[in-house]
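Enquirer: got a structure for you, letters missing:
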């Protein structure tokens with residue numbers, strides 16, 4: 001009984017279609033870059049909304065979508081909506097494309113830092129409405 005190699009088991013049709021292999025990079029990186037950038041956008045949206053809610057009582061009250069939770073509901077849902085909406089748009093825009101992944105990762109990291117700073121109490125309390 002011979003041990004079969006995974007390379008020899010792959011059909012010629014699969015190889016002709018250009019499916020991703022373990023040896024090489026056959027798939028475009030655009031969809032991955034889209035998801036990464038969307039995560040940064042969602043994070044930045046959460047940070048900006050958190051800071052704005054601290055700066056404006058009216059805006060904070062408008063984020064109270066569910067009384068037991070308070071404005072946290074609106075903050076979290078706006079960040080989540082921003083993520084999914086940007087992922088959808090960027091996913092279609094970058095589908096099938098090979099992009100400069102380092103550029104997208106750098107932008108996503110910057111947006112993530114903006115989101116983290118915006119949700120850090122020592123920062124958003126600087127804008128507290130009296």
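Expert: Structure's in. What do you need? All of these numbers come straight from a predicted model, not from anything done at the bench. Residues are numbered from 1 along each chain as shown.
Enquirer: And the helices in the protein?
Expert: Assigned by DSSP state H, the helices in the chain fall at 6-9, 12-17, 30-55, 57-62, 72-94, 101-118, 121-124.
Enquirer: center of this protein, which residue is that?
Expert: Centroid check for the chain by Cα atoms, centre = their mean gives residue 39 as the closest residue, at 1.5 Å.
Enquirer: that older thread, for the helices of the chain, which one ends up most surrounded?
Expert: helix 30-55 (a mean of 21; mean count of other Cβ atoms under 10 Å). Heads up, the C-betas are built off the backbone N, CA and C, glycines and all.
Enquirer: Run the chain-centre distance for that helix.
Expert: Its chain's C-alpha centre and that of helix 30-55 lie 7 Å apart, by Cα atoms, centre = their mean, to the nearest Å.
Enquirer: Counting by contacts, list what it packs against.
Expert: Where contact means 3 or more Cβ pairs under 8 Å, 6 or more residues apart in numbering; DSSP states H and E, helix 30-55 is packed against helix 57-62, helix 72-94, helix 101-118, helix 121-124.
Enquirer: Looking at those, which is nearest to residue 35?
Expert: helix 72-94 (5.9 Å; Cβ to Cβ).
Enquirer: Let's test this: mean pLDDT of that closest one, rounded?
Expert: The average pLDDT for helix 72-94 rounds to 97.
Enquirer: what angle sits between it and helix 30-55?
Expert: On the basis of axes from the mean of the first three to the mean of the last three Cα atoms, to 10 degrees, helix 72-94 is oriented at 150 degrees to helix 30-55.
Enquirer: what angle sits between helix 72-94 and helix 101-118?
Expert: Using the same axes, to 10 degrees: helix 72-94 against helix 101-118 is 170 degrees.
Enquirer: Packing partners of helix 72-94?
Expert: Helix 72-94 packs on helix 30-55, going by 3+ Cβ pairs under 8 Å, 6+ apart.
Enquirer: contacts for stretch 87-102?
Expert: 28-35, 37-38 (Cβ atoms under 8 Å, 6 or more residues apart in numbering).
Enquirer: Stretch 38-52 too?
Expert: Contact with stretch 38-52 is made by 59, 63, 74-76, 78-80, 82-84, 86-87, 90-91, 107-112, 114-119, 123-124, 127, as judged by Cβ under 8 Å, 6+ apart.
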